[in-house]
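Undergrad: Task: produce atomic coordinates for the following.
(chains A and B)
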2 protein chains.
Amino acid sequence: MNDKQYSMKESLLFTQRIGQLSKALWKSIEKDWQSWIKPYDLNINEHHILWIAYQLNGASISDVANFGVMHVSTAFNFSKKLEERGLLKFSKKENDKRNTYIYLTEKGESMFLNIMSEYNPNNSAAFSAALPIKELYGKFPEMIEMMTIVKHIYGDNFMEIFESSFTNIEESFTEVNGQLRPKDPVPVD
Amino acid sequence: MNDKQYSMKESLLFTQRIGQLSKALWKSIEKDWQSWIKPYDLNINEHHILWIAYQLNGASISDVANFGVMHVSTAFNFSKKLEERGLLKFSKKENDKRNTYIYLTEKGESMFLNIMSEYNPNNSAAFSAALPIKELYGKFPEMIEMMTIVKHIYGDNFMEIFESSFTNIEESFTEVNGQLRPKDPVPVD
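TA: Take a look at the predicted model:
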């Protein structure tokens, strides 16, 4: 293989580096994410589905599977569970009769926004761990290498949804008394 | 809170960024890791334990739990399973009679090295995704932001083992016919 630009050892070292780091980082984030949503009797995939439905203002199961990084069957089964709890509804789109889309119900949106308002950065170890970088450079790390790798694994569609999710938070939320609140509040159960 | 250096929105944006990226990256790495070790009837935690025992040339259950990012009970239970399969042995150290250490048996070391020799970077999506960065900059990304965050979450002891694991690969392996082989081969079953 004359065109190989790396040795086996070099590639194992990189694989080991990214493997250890991403396992360690994800396990910490997973733990904090679980604690955040625990009072609502949701697991991470369920909360992720509500989040995607909110972000995209209606999402196909395939959007959920892609962006939520879960199997299509997982995306479908958890969405069904959320529908049974009255948090999501399934329906077709005017301009796309083939796919089924999920939408937050009023109850689902209200729960999602309650969870957002209870977001506390002090409960996130990854956030606290990034503060020294923010102090040093004046902004939070962009994780540009990680983002480039994720982009090359999951493709442009994933990154578009990823980027749009930030605009969406920018536009939809405001800070009131140290809590995140929607700019256009909906009635809360 | 006058000393707060960030807004709630800013912190949610960062938490969302690192959460999405680390979930997506880890799910991809997890999948490839599972495929790599599947022929050996090991799960990721079990393989990670063998790896740590090899790296540290004997590891306490607490080392395994820390560096493997698992509960102490998980580390202990999987180590016991590996002992039952004849891959690990438990014993005390001369200079530390309080803690139990795990060591690879000959069978365990032989299995670990076989797995290493079957390592194929082309089966790692994260590796392939990092190649454009390697082409651009001439080296694999160091993931320095991710590493800094992991360091602040898990502490110096974690990072010491992390760093020593690279030296260990450097020193222990060599490339033969495109496969990773130990420099001092042990008998293979």
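Undergrad: Next SSE downstream of the strand ranked longest in chain A?
TA: Secondary structure of chain A per DSSP state E: the longest strand is strand A:96-104. Following strand A:96-104 in sequence order, the next helix or strand is helix A:106-117 (DSSP states H and E).
Undergrad: Any idea how far that next one is from the middle of the chain?
TA: 15 Å (C-alpha atoms, centre = their mean, to the nearest Å).
Undergrad: Packing partners of it?
TA: Contact partners of helix A:106-117 among helices and strands, from 3 or more C-beta pairs under 8 Å, 6 or more residues apart in numbering or on different chains; DSSP states H and E: helix A:44-56, strand A:179-182. All C-beta spots, glycine's among them, are computed from the backbone N, C-alpha and C.
Undergrad: Need the winner for burial among those.
TA: helix A:44-56 (a mean of 22; mean count of other C-beta atoms under 10 Å in any protein chain shown).
Undergrad: Can you name the secondary structure element that comes next after it?
TA: Next along from helix A:44-56, by DSSP H and E: strand A:59-60.
Undergrad: so what secondary structure elements neighbour that following strand?
TA: Strand A:59-60 is packed against strand A:96-104, with contacts defined by 3+ C-beta pairs under 8 Å, 6+ apart.
Undergrad: The strand it packs on vs helix A:44-56, what angle?
TA: 110 degrees (axes from the mean of the first three to the mean of the last three C-alpha atoms, to 10 degrees).
Undergrad: What lies in contact with strand A:96-104?
TA: By C-beta atoms under 8 Å, 6 or more residues apart in numbering or on different chains, the residues outside strand A:96-104 that reach it are A:49-50, A:53-54, A:57-62, A:64, A:79, A:82-83, A:87-93, A:112.
Undergrad: and that strand, how far out from the chain's middle?
TA: How far strand A:96-104 lies from its chain's middle: 20 Å, per C-alpha atoms, centre = their mean.
Undergrad: how about the helices in chain A?
TA: Using DSSP state H, the helices assigned to chain A run over residues A:8-37, A:44-56, A:61-68, A:72-84, A:106-117, A:125-137, A:144-154, A:156-172.
Undergrad: by contact count, what packs against the first one?
TA: Read that as helix A:8-37. Judged by 3+ C-beta pairs under 8 Å, 6+ apart, helix A:8-37 is in contact with helix A:44-56, helix A:125-137, helix B:8-37, helix B:125-137, helix B:144-154, helix B:156-172, strand B:173-176, strand B:179-182.
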